[in-house]
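S.K.: Here is my input; please provide its structure:
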Amino acid sequence: MFIDFDLLQIKRIRWSVHCFWSLWSLLHCVAIRSEFVRLQSTRPFFNIAHMINKADTIRLALDRGANAIETDIYFASNATPIYTFHGLPCDCFRWCGDRENLDIFLQRIRAMTTPSNVQFDQRLLLIMMDLKLDRIGHKDRARAGQELATILLTNLYNTTTRNQSIDGSRIRTILSIEHVFDYDFVLGFQNELETTDHDWLLHDHIGWDVGLNDPLFAIESMWKRLDMVYNIWQGDGRSNCLSPFYNLGRLAKIIERRDNPSYFAVKNYIKKVYQWTVDLTVNIRTSLRSNVDAIITNHPERVAKVLLEPEFVNRFRMAQFSDSPWERIQTRHARPSTSSFSSQTRPSSNLSLKLMNGASDMLESFSRFLFDAIRHHTPLRYLYLSTYSPQKRQLKQRIYMNIEN
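M.R.: Numbering: from 1, shown residues only. Below you'll find the model as predicted:
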């Protein structure tokens, strides 16, 4: 009798455990499916840290929430890309004189984006190169493209293979020319890759952008003439000093073109849309409501924080390596507002609150600006020494040395 009772108890326990694990498995599957659906329905987002021109600041940008960086490429007058450098005019509350030898900078990027390297950091997905081509004559811009292609093949993609070997850099690069009349640079870059049998990089690793707000019809016309250009980004914006007051009408037109199904069959058309340079939290929210794919910012930590807000957490997520920056993602939301400062807001929002938040952000930016100056022992005259001309820079340095002596 006791034996039968014990067996009955054991059966009940087994049945309870079986039911528990079945229920747990069901809930686990539902949770996985829900997360999968959420990931499928959210837009992978690229949080691009602005003006990262020193190798030592790359990881700092990632620690602040970025998964991509924007770098300025300075060309000598003979069309040779020599170092990373922004110079004047500068963003508000930023030092713009940082520079690094381009070879050294790219080698650091390669180390951080090569899975088999001890410096590998999976957070860094993309680098946007702002190409400072204004010092180069039009007849030399094709050669500038060839020179940059050679440097990338030598220092960044020299171990990268078609089958994504773990011993090669996996980073994607966006080359941002300034205007449509930099067309010859694109041709020179492409020709160099084709000549060296690296044209497959144009499909997998290289994208393009026109950065300085040329008419959209002119940009579209230029890309249509280039058969080997597939991965196109298009942005809109102004420096962070003017961005809070900038009208977003052009950005709305770019997003409308990205989402227009009639353009989906066109291979060399807009894949991703971004806005630059957005620093204030209120403007970051406005940009996200417009359904951009990326933001260039001096404060990636603010973008990362806003992405976690209830309004955006189910619409956006930080991009991962599996998210291609060359994939167009369509949205069917309402058309974005054309006003940067007074966009659609919650009823509780008001202008005074926005002004207070904006003032708080600017105070924080100014505090960081001063902190960086003290930490790097940066003198105020640093602003005046940061010019595009190395000859003028050396002359000013000699003048200051004479004054001090």
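S.K.: The residue most central in space within the chain and residue 129, how far apart?
M.R.: Nearest to the mean C-alpha position of the chain, counting by C-alpha atoms, centre = their mean, stands residue 48 at 3.2 Å. Here residue 48 is placed at a distance of 12 Å from residue 129 (C-beta to C-beta, to the nearest Å). C-beta coordinates here come from the backbone N, C-alpha and C atoms, glycine included.
S.K.: if I look at these two, which residues touch both of them?
M.R.: The contact sets of residue 48 and residue 129 overlap at residue 70 (C-beta atoms under 8 Å, 6 or more residues apart in numbering).
S.K.: before we move on, back to that, list the contacts of the residue nearest to the centre of the chain.
M.R.: 66, 68-70, 126, 128, 274, 294-297, 300.
S.K.: Could you identify the pair within these that is furthest apart?
M.R.: In the contacts of residue 48, two members sit farther apart than any others by C-beta to C-beta. They are 126 and 297, at 14.3 Å.
S.K.: And these two? Which one has more around it.
M.R.: More crowded of residue 126 and residue 297, by other C-beta atoms under 10 Å: residue 297, with 29 against 22.
S.K.: can you list the domains in this protein?
M.R.: Domain segmentation of the chain under automatic domain parsing yields 1-41, 45-357.
S.K.: could you pull out the helices for this protein?
M.R.: 2-41, 58-63, 102-112, 141-155, 183-195, 201-204, 216-224, 249-259, 281-289, 300-307, 351-375, 382-385, 390-404 (DSSP state H).
S.K.: Quick check: residue 45 touching residue 294?
M.R.: Yes. Using C-beta atoms under 8 Å, residue 45 makes contact with residue 294 at a distance of 6.6 Å.
S.K.: Tell me which of the two has more neighbours.
M.R.: Neighbour comparison, residue 45 and residue 294: the larger count goes to residue 294, with 28 against 24 (by other C-beta under 10 Å).
S.K.: Quickly note the distance from the more buried one to residue 118.
M.R.: Residue 294 is 29 Å from residue 118, by C-beta to C-beta.
S.K.: got it, and residue 313?
M.R.: For residue 313 relative to residue 118 (C-beta to C-beta), the value is 34 Å.
S.K.: just residue 76 next, same as before
M.R.: Taking C-beta to C-beta, one finds residue 76 at 34 Å from residue 118.
S.K.: which of those two has more neighbours?
M.R.: residue 76 (14 against 6).
S.K.: List phi and psi for that one.
M.R.: phi -70, psi 170 (degrees, to the nearest 10).
S.K.: Could you do the one 3 residues further on as well?
M.R.: Dihedral angles of residue 79 (phi, psi; degrees, to the nearest 10) stand at phi 80, psi 10.
S.K.: tell me the contacts of it?
M.R.: Counting by C-beta under 8 Å, 6+ apart, residue 79 has contacts 136, 140-141, 143-144, 147.
S.K.: could you flag which of those residues are buried?
M.R.: Listed as buried from the contacts of residue 79 are 136, 140-141, 143-144, 147; burial here means 16 or more other C-beta atoms under 10 Å.
S.K.: tell me which of those is nearest to residue 269?
M.R.: Of the buried ones among the contacts of residue 79, the one sitting nearest to residue 269 (C-beta to C-beta) turns out to be residue 141, at 23.7 Å.
S.K.: Just give the number of residues close to the closest residue to residue 182 other than its chain neighbours.
M.R.: Leaving aside its sequence neighbours, residue 182 sits nearest to residue 133 (C-beta to C-beta, 6 or more residues apart in numbering; 5.5 Å). The local packing of residue 133 (other C-beta under 10 Å) involves 23 other residues.
S.K.: Over to residue 135?
M.R.: Residue 135: 15 neighbours (other C-beta under 10 Å).
S.K.: Surely it and residue 80 touch.
M.R.: No. Using C-beta under 8 Å, residue 135 is not in contact with residue 80, being 11.1 Å away.
S.K.: pLDDT weak spots in the stretch 1-150 of the chain?
M.R.: 1-12, 16-20, 22, 24-41 (pLDDT under 70).
S.K.: For burial, what's the neighbour tally of the closest residue to residue 258 other than its chain neighbours?
M.R.: Nearest non-adjacent residue to residue 258, counting by C-beta to C-beta, 6+ apart: residue 270, 4.7 Å away. When neighbours are counted by other C-beta under 10 Å, residue 270 registers 23.
S.K.: Identify the residues contacting residue 270.
M.R.: Residue 270 touches 232-234, 254, 257-258, 263, 328, counting by C-beta under 8 Å, 6+ apart.
S.K.: one step back: I'd like to know which of the contacts of residue 48 is nearest to residue 211.
M.R.: Once C-beta to C-beta is applied, the member of the contacts of residue 48 that ends up nearest residue 211 is residue 128, at 8.9 Å.
S.K.: right, and the closest one touches residue 66 too?
M.R.: No. Judged on C-beta under 8 Å, residue 128 makes no contact with residue 66 at a distance of 11.3 Å.
S.K.: mind checking how far the residue nearest to residue 269 when sequence neighbours are not counted is from residue 53?
M.R.: Leaving aside its chain neighbours, residue 269 sits nearest to residue 263 (5.0 Å; criterion: C-beta to C-beta, 6+ apart). Distance of residue 263 to residue 53, computed by C-beta to C-beta: 35 Å.
S.K.: Just want to know which of the two has more residues nearby.
M.R.: residue 53 (25 against 13).
S.K.: surely the more buried one meets residue 100?
M.R.: Yes. Counting by C-beta under 8 Å, residue 53 touches residue 100, with 6.1 Å between them.
S.K.: where do the contact lists of these two overlap?
M.R.: In contact with both residue 53 and residue 100: residue 84, using C-beta under 8 Å, 6+ apart.
S.K.: do you know how far the spatially closest residue to residue 192 that is not a sequence neighbour is from residue 45?
M.R.: Nearest in space to residue 192, with sequence neighbours left out and distances taken as C-beta to C-beta, 6+ apart, is residue 149 at 3.7 Å. Here residue 149 is placed at a distance of 29 Å from residue 45 (C-beta to C-beta).
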